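**Student:** Sequence first, predicted model second:
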Amino acid sequence: MTTAHLSATAHFTAPVTGPARCLHQIRTTPGITRGALHESLGMSQPTVTRHVSALIDAGLVEQLSPTAAGGVGRPGTTLRPDGRSVTALGAHVGLRSTQLVAVDGAGRPLRTRTLRLPVAELSPADAMEAVQHALYALGRGLPSPTGIGIAFSAHVDHAGRVTSPSYGWKDVAPTSHLDTDVPVALSTGVSAMAGSELASSPLSLDSGERTSTLYVYARELVGHAWIVDNAVHQPYTGSVPAAFTEIATSGTFSSEHGHPLGSTPVIQAARRRGLNVSTVPDLVALAEHNPVARGILDERAELLSRIISLAVDVVDPATVVFAGETFTADPGTVRVIADGLHGTGRQLGIQRAGDGILSRAAAVTALHRLWQNPLAA
């Protein structure tokens, strides 16, 4: 069976249609009233009522009684997301491990699992078969999935093809190796991570000053995307700019597979220096009292800082968000990069995405179709 006619590359934007906008606002502002929807979305009250009623009938929204809402007033004026009868399955495919998640229609996680999957050692067909099998095993006993989402630590082009030297893939159409009649959405992982920020932010009629956010992910692979005007953007071709590559390869790190500044090359560099470590958290813990370990982490941080500074020059964001183990495991790396960025004279907001970002990226990809068009047949 082919899923070509059921697949699409996800493009993460703020919702456009009336029902999708209402669902988004209810998801991101639980307990909102119809009146507040009318005010925050600029829709007429009859239009809001019509959309909300349709979302309730679809099982995506529920209304609370005055007692349950904790106040008084006309029943049904307080709303919250439902979606308990809906299941979506998502995966974030990394170079060596894949994060799996089953969520309901509101994006609440139902089950999660980490699948050890060395993508570079497998054929695309074997890798995708393993992902599909693991997703269906994760969803066993739950309602049949309405959507599957797969995010890759590699660029997914507009036609849903993946080319990645790290994966060993060239012009691969992942859905051609799937056997399912469930709609599939594909995405680049870092774009989905940025999309998760859009998906969790309430809509506003106040356009105010137009700003952008640069989203940087670094673990085994390194990538970036940015949010401008309520839409996620990424380099069109997915090719790493030559200047970025020159910086990444100018240090003492090297890698046959993956990014030179990824976790494995850093651990390999540490072992060449006589340090007995197996993971980045091991190296970070050792760095608390070992200057050699701290020096290795700081060298990578300085190289990343130079790369990110170049990206900042292009995008000119108001905020930079860091995601991935490189940043979450080592606050020192974030400090080095933040110091480098503030040294440019820009007033930038610096944030860390926190734990669970891979699962959130997988979830928003899996729910992309539903959240963009919640009343589709």
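**Tutor:** It's in.

**Student:** The residue lying closest to S85 once chain neighbours are set aside: neighbouring residues, count only.
**Tutor:** Spatial nearest neighbour of S85, excluding adjacent residues (C-beta to C-beta, 6 or more residues apart in numbering): G59 at 4.8 Å. Placement of C-beta: from N, CA and C, glycine included. Neighbourhood size, G59 [other C-beta atoms under 10 Å]: 13.

**Student:** Could you do the one 3 residues further on as well?
**Tutor:** Using other C-beta under 10 Å, E62 is surrounded by 17 other residues.

**Student:** In a strand, it, correct?
**Tutor:** Yes - the assignment for E62 by DSSP: H, G, I helix; E, B strand; the rest coil puts it in a strand.

**Student:** Renumber starting at 250 from here on
**Tutor:** Fine by me, first position is 250 from now on; the one you just mentioned is E311.

**Student:** so who does it touch?
**Tutor:** Contacts here follow C-beta atoms under 8 Å, 6 or more residues apart in numbering; on that basis E311 touches 305, 328-331.

**Student:** remind me which residues of the stretch 500-626 of the chain are low pLDDT?
**Tutor:** 593, 626 (pLDDT under 70).

**Student:** How about the stretch 350-499 of the chain?
**Tutor:** 455-459.

**Student:** residue boundaries of the helices in it?
**Tutor:** With helices called from DSSP state H, counting those that start in this stretch, the stretch 350-499 of the chain shows them at 373-387, 438-448, 491-497.

**Student:** Could you pick out the longest helix of this protein?
**Tutor:** Longest helix in the chain by number of residues (criterion: DSSP state H): helix 540-564.

**Student:** between the following helix or strand past that one and helix 438-448, how many degrees?
**Tutor:** Using DSSP states H and E, the helix or strand that follows helix 540-564 in sequence is strand 568-572. Orientation of strand 568-572 against helix 438-448 (axes from the mean of the first three to the mean of the last three C-alpha atoms, to 10 degrees) gives an angle of 120 degrees.

**Student:** Output the helix or strand that strand 568-572 is followed by as PDB, nothing but the C-alphas.
**Tutor:** With elements assigned by DSSP H and E, the helix or strand that comes after strand 568-572 is helix 574-577. Only the C-alpha atoms of helix 574-577 are listed here, as PDB (Å, rounded to 0.1, in the frame of the first residue of the first chain):
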ATOM      1  CA  GLU A 574      20.800  18.000  25.200                       C
ATOM      2  CA  THR A 575      23.700  20.200  24.200                       C
ATOM      3  CA  PHE A 576      22.000  23.000  26.000                       C
ATOM      4  CA  THR A 577      19.800  21.300  28.600                       C
END
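
**Student:** which residues touch helix 574-577?
**Tutor:** 467-468, 471, 510, 512, 529-530, 549, 553, 582-583, 601-604.

**Student:** and which of the residues you listed is nearest to T262?
**Tutor:** Closest approach to T262 among the contacts of helix 574-577 (C-beta to C-beta): A602, at 19.5 Å.

**Student:** give the contact list for that closest one.
**Tutor:** 442, 464, 570-573, 576-577.

**Student:** Let's see the distance spanning stretch 258-269 from one end to the other.
**Tutor:** End-to-end distance of stretch 258-269 (C-alpha to C-alpha, to the nearest Å): 19 Å.

**Student:** Stretch 298-313 now?
**Tutor:** Stretch 298-313 stretches 15 Å from its first residue to its last (C-alpha to C-alpha).
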